[in-house]
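A.B. asks: Need the 3D shape of this:
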Amino acid sequence: MNNDAQTNAAGSADRAVADSVSGSTTSATGPASGGPTVAVGSAPGHTPVGSTGDLYSLDSPCAHEALLAVTHVYTDLDGTMLAPGGRLLTRHDTSPSVACAQALVDLKRVGVEVIVVTGRSRAQGTEIMRLLDLDHFIGELGCVEQKGFGQTAQISYNLGRWPQDWHSRFAAHGSNDCSVGNPDRITPYQLIAQSGIVELLESQFKGRLEKHNPFDGVREVTQMMRGCVDVNEITSVLANSDLPLQFYDNGIIHPAVHNLTECDQIHIYHLMPQGIDKGQALAADIERRGLKKLQTVAIGDAIGDVAMGRYTGSFVLTRASTDNALEVDAAKADAHIRPGFIAKGSTVDGWVEFARALLVAKGQQARW
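C.D. replies: Residues are numbered from 1 along each chain as shown. Below is the predicted model of the structure:
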């Protein structure tokens, strides 16, 4: 779809959403500046799912109108587009299915670009991009970006509040400006490792916090840890660090092997630069592309994904493998910013449900 067609579609959807949400009492543009005003609130024909209140089903008229102008989908991977275990070619219940793969093909055919925004590393993201025929990957919770492949790949770091004069110290692995063999060029991941903060945290929270081995070693910015800690406690420790760092809870995991003797429920954490997350990385990408908010939708299952929805025209919450009442409440709390929807299906089933609704809004019938 060319830029003129995208702009016209966005304008039509602006009018459609405004017309469909009669009786609304609130409007907001959200954090992304320059986006169109979206009326939100109670509206006829909107179908709440269960007790989710301001989150509506994907088969509601509200969802149809909100998806009319969408040209760019920002999606989480695990717990959202992928089935448990990171699988693509299954349903949530692990039975074989090509529905998600076919949905990606059909969305590309109608001019919708899918951008992955995940906590995974770029090493993983590169292969995911190749396999799914995608062109843009935002990884490590917004800290790493890659556009394209091979010698023409554009690789960059988003380092939030880290001083600009630090950036010359870093070289993205595989980027064209990387000085191979130059000992002065390191990654932010290595800088965090050299600070000793990881060992300090493991020592102070023994039995409750440890490195997320063996999955941590291929990263470029964020240090991954797992455990069961109060993030506020960790934040107090980080206040004494020379590096501006934050400790980010990215949800519940179920590792087969660990040494967390004090944990009943295990979370995955990212030790990362302050001032960056999925939402802020997404917002910067939307601005670079010159998109209207209503051309964008975010979909995910975790708190970090709800943050993405603060910068897009609408947000879709998928049901996670475990209860995600916290995420539901967070998405409801943002209802004054943008329309919010919840899928009936869990993980990949919910993503397929969303893709089907988006295709229907584009006048297409899903063949799966």
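A.B. asks: SS state for the closest residue to residue 308 other than its chain neighbours?
C.D. replies: Nearest residue to residue 308 in three dimensions, chain neighbours excluded: residue 298, at 3.8 Å (Cβ to Cβ, 6 or more residues apart in numbering). Any C-beta I mention is one placed from the backbone N, CA and C, and that applies to glycine too. Of the three states, residue 298 takes strand under DSSP: H, G, I helix; E, B strand; the rest coil.
A.B. asks: how does the chain divide up, domain by domain?
C.D. replies: Structural domains annotated on the chain: 3-111+291-361, 188-273, as defined by automatic domain parsing.
A.B. asks: Indicate which one of those domains is closest to residue 282.
C.D. replies: Distances from residue 282 to each of the domains of the chain were compared by Cβ to Cβ, and the smallest falls on domain 3-111+291-361, at 5.1 Å.
A.B. asks: Over that closest one, what's the mean pLDDT, rounded is fine.
C.D. replies: Across domain 3-111+291-361, pLDDT averages out at 76.
A.B. asks: Next: stretch 202-210.
C.D. replies: In the prediction, stretch 202-210 has an average pLDDT of 97.
A.B. asks: still on that earlier bit, got CSV for the domains of the chain, with distance to residue 141 too?
C.D. replies: CSV is the format used below for the domains of the chain (distance: least, Cβ to Cβ, whole Å):
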stretch, distance to residue 141
domain 3-111+291-361, 6
domain 188-273, 5
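A.B. asks: Please work out which of these is packed deepest.
C.D. replies: Mean neighbours per residue, mean count of other Cβ atoms under 10 Å, is largest over the domains of the chain for domain 3-111+291-361, with a mean of 20.
A.B. asks: Quick one: the strands in the stretch 1-150 of the chain, in order.
C.D. replies: Applying DSSP state E, counting those that start in this stretch to the stretch 1-150 of the chain gives strands spanning 26-28, 38-40, 55-56, 72-75, 113-117, 136-139, 144-147.
A.B. asks: Please apply the same query to the stretch 201-350 of the chain.
C.D. replies: So, for the stretch 201-350 of the chain - with DSSP E, counting those that start in this stretch - the strands run 209-211, 223-227, 245-253, 266-273, 296-300, 314-319, 340-346.
A.B. asks: a markdown table for those strands, including distance to residue 79?
C.D. replies: As requested, the strands of the stretch 201-350 of the chain are exported to a markdown table (distance: least, Cβ to Cβ, whole Å):
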| stretch | distance to residue 79 |
| --- | --- |
| strand 209-211 | 22 |
| strand 223-227 | 16 |
| strand 245-253 | 7 |
| strand 266-273 | 11 |
| strand 296-300 | 8 |
| strand 314-319 | 7 |
| strand 340-346 | 9 |
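A.B. asks: circling back to that earlier point, so the residue nearest to residue 308 bridges to which residues?
C.D. replies: residue 74, residue 315 (DSSP bridges).
A.B. asks: For residue 329, see how far away it is.
C.D. replies: 17 Å (Cβ to Cβ, to the nearest Å).
A.B. asks: same check, this time on residue 144
C.D. replies: Distance, residue 144 to residue 329, by Cβ to Cβ: 30 Å.
A.B. asks: What number of residues are in the vicinity of residue 283?
C.D. replies: The burial metric for residue 283, expressed as a neighbour count using other Cβ atoms under 10 Å, is 23.
A.B. asks: out of everything not next to it in sequence, what's closest to it?
C.D. replies: Distances taken as Cβ to Cβ, 6+ apart place residue 311 nearest to residue 283, at 4.1 Å, with adjacent residues excluded.
A.B. asks: got it, and residue 234?
C.D. replies: For residue 234, the spatially nearest residue (Cβ to Cβ, 6+ apart) is residue 247, at 4.1 Å.
A.B. asks: bridging residues for the one you found?
C.D. replies: According to DSSP bridges, residue 271 are recorded as the beta-bridge partners of residue 247.
A.B. asks: Test my guess that it contacts residue 269.
C.D. replies: Yes - in terms of Cβ atoms under 8 Å, residue 247 counts as a neighbour of residue 269; the distance is 5.8 Å.
A.B. asks: what sits in contact with each of those two?
C.D. replies: Shared contacts of residue 247 and residue 269 (Cβ atoms under 8 Å, 6 or more residues apart in numbering): 231, 234.
A.B. asks: coming back round to it: contacting residues for the residue nearest to residue 234?
C.D. replies: For residue 247, the contacting residues are 231, 234, 235, 238, 269, 270, 271, taking Cβ under 8 Å, 6+ apart as the criterion.
A.B. asks: and the first one, what is it in contact with?
C.D. replies: Listed by Cβ under 8 Å, 6+ apart, the contact partners of residue 231 are 247, 249, 269.
A.B. asks: Could you check how far the first one is from residue 81?
C.D. replies: It stands for residue 247. Between residue 247 and residue 81 the distance is 26 Å, computed by Cβ to Cβ.
A.B. asks: And for the last one?
C.D. replies: In this structure, residue 269 and residue 81 are separated by 22 Å, where distance is defined by Cβ to Cβ.
A.B. asks: Repeat that for residue 276.
C.D. replies: Residue 276 is 22 Å from residue 81, where distance means Cβ to Cβ.
A.B. asks: What of residue 352?
C.D. replies: From residue 352 to residue 81 the distance is 9 Å (Cβ to Cβ).
A.B. asks: so what sits against both of the two?
C.D. replies: Residues within reach of residue 352 and of residue 81 at once, by Cβ under 8 Å, 6+ apart, are residue 100.
A.B. asks: Need the worst-confidence member of the contacts of residue 231.
C.D. replies: Comparing pLDDT over these, the lowest score belongs to residue 249 (90).
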